[in-house]
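Visitor: make a model of this:
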Amino acid sequence: MAKEDNKPLDSGISRRGFLKGVGAGTVATGMMPGLAPENAQAAESAKIQGPGEVPITLRINGRNRRVNVEPRVTLLDALRNRLDVTGAKKVCDRGTCGACTVLVDGDPIYSCSMLALEAEGREITTIEGLGTPEHLNPLQKAFIENDAQQCGFCTPGFVVACASFLEKNPNPTREEVRSGIGGNLCRCGTYAGMIEAVLDAAEVQKGGN
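Guide: Have a look, this model is predicted:
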């Protein structure tokens, strides 16, 4: 076997020499700092947060709010259970009904489907940031005037979603409104009133009566 191992390959290199070269190269590669297992493990560990609570800052309705949350906590639970911002409702808790809708950087999202950690550094607007009972915005007024709510659980999510819709489409048709609110569900069936509310609010925002 020794003679066979030393038999030259076509390139003039023996099998034994070739295997020695491969082994030395593998060892050298393993010793490179960027590829060392312990360094790779340390880099991976640096990205891991938790499982305990970590401090984050959420910008909610123009204010920075500090809160400690476990990485698994959703934005909805952080808002309601840790910061007492309870406008967004926890109904289905699986991203299908829209009752928990808030705006993140101006876009409507289901806050039950976003981790609180993911929202750090972004602008979060809830129903509380659109208007107050003393100073309602045109859309909130239109919801009241058109009787566009019954039990009220879905209403905050609908108002937030409709506000985002009107921001992007200030002059909608009835069909566009119908399609635009399709991501939210109303168990009481007040869709007709909601559509009228959005159309009325659009007229007011354009300067109409």
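
Visitor: I'd say residue 158 and residue 98 touch.
Guide: Yes. At 7.2 Å, residue 158 counts as touching residue 98 under the criterion of Cβ atoms under 8 Å. C-beta: built from backbone N, CA, C; applies to glycine.

Visitor: hey, what's in contact with both of those two?
Guide: Common neighbours of residue 158 and residue 98, using Cβ atoms under 8 Å, 6 or more residues apart in numbering, are residue 184.

Visitor: please, where are all the strands along this protein?
Guide: 54-60, 63-69, 101-104, 107-110, 123-125 (DSSP state E).

Visitor: of all the ones you listed, which one is nearest residue 187?
Guide: strand 101-104 (15.2 Å; Cβ to Cβ).

Visitor: if you average pLDDT over the closest one, what comes out?
Guide: Across strand 101-104, the average pLDDT comes to 98.

Visitor: mind listing what that strand pairs with, with the direction of each?
Guide: Partners of strand 101-104 in the sheet, by DSSP bridges, are strand 107-110 (antiparallel), strand 123-125 (antiparallel).

Visitor: and of the ones you listed, who's closest to residue 56?
Guide: strand 123-125 (11.9 Å).

Visitor: report the distance from the closest one to the chain centre.
Guide: Mean-position distance between strand 123-125 and its chain equals 11 Å (Cα atoms, centre = their mean, to the nearest Å).

Visitor: what's it in contact with?
Guide: With Cβ under 8 Å, 6+ apart, strand 123-125 has contacts from 58, 59, 60, 61, 75, 102, 103, 104, 105, 106, 160.

Visitor: can you give me the buried ones in it?
Guide: Judged by neighbour count (16 or more other Cβ atoms under 10 Å), strand 123-125 contains these buried residues: 124, 125.
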